[in-house]
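Visitor: take a look and give me a structure for this.
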Amino acid sequence: SHGHSHGHDHSTSPRIGWLVLFGDALHNFLDGIAIGAAFASSAAAGVSTAIAVACHELPHEIGDFAVLLDAGFSVKQALLYNFVSSLTAIIGLFIGVSVSVSDQSQQWILALTAGFFIYIALNSIGQQVLMSMINTENFWRSFLYMHLGLGVGFGCMMLLARYEENIQVLI
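Guide: Residues are numbered from 1 along each chain as shown. Down below sits the predicted model:
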């Protein structure tokens with residue numbers, strides 16, 4: 001307790017909010033590098049990578065927003081800081097395009113970013129999902145929702161992979 005009351009309780013420390021923002025900025029930067037390297041490969045690869053990143057970022061940003069509010073940020077602050085954090089993706093995009101000068105560099109960049117995404121999914125998200133399933137009143141409903149979400153995500157990725165060459169970029 002910090003000696004005064006605002007009339008509401010924050011279960012998350014403000015420090016956690018700042019750590020989430022820092023981690024999100026780094027994550028967005030890596031997303032930008034992946035998108036930039038994909039665009040350096042082809043416009044269709046860039047668009048499909050951007051779509052995949054957007055599909056995974058939307059729920060992620062909503063979760064970050066909730067954590068920031070719980071950490072005591074106002075709605076305006078949470079929106080602003082989340083937006084500023086997302087701008088690192090643009091920096092990453094330009095770096096990804098500029099360092100992807102050869103097929104070999106593109107492959108290394110895409111392999112490293114894929115590795116980071118897998119690490120994050122298995123280390124962070126996997127633990128959270130497992131703990132929420134264990135601590136829930138209705139295990140099987142949680143199990144069904146989790147696998148339904150995985151199936152929808154897998155289906156989206158399969159569709160993008162299958163039809164990537166058919167994506168037309170309108171510029």
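Visitor: going along the chain, name the helices of this protein.
Guide: 14-41, 43-70, 75-86, 88-99, 103-120, 126-134, 139-163 (DSSP state H).
Visitor: least reliable of those helices by average pLDDT, please.
Guide: Comparing mean pLDDT across the helices of the chain, the weakest is helix 126-134, with a mean of 67.
Visitor: nearest the geometric middle of this protein, what residue?
Guide: The centroid of the chain falls nearest to Glu57 when counting by C-alpha atoms, centre = their mean (3.9 Å).
Visitor: distance check, that one against Leu21.
Guide: Separation of Glu57 from Leu21 (C-beta to C-beta, to the nearest Å): 15 Å. (C-beta placed from N, C-alpha, C; glycine too.)
Visitor: picking up where we left off before, with adjacent residues omitted, what lies nearest to the residue nearest to the centre of the chain?
Guide: Spatial nearest neighbour of Glu57, excluding adjacent residues (C-beta to C-beta, 6 or more residues apart in numbering): Asp31 at 6.9 Å.
Visitor: doesn't Ile95 make contact with the one you found?
Guide: No. The criterion here is C-beta atoms under 8 Å, and Asp31 misses it with Ile95 at 11.8 Å.
Visitor: neighbour count: the two, which is higher?
Guide: More neighbours surround Asp31 than the other of Asp31 and Ile95, with 27 against 16 (other C-beta atoms under 10 Å).
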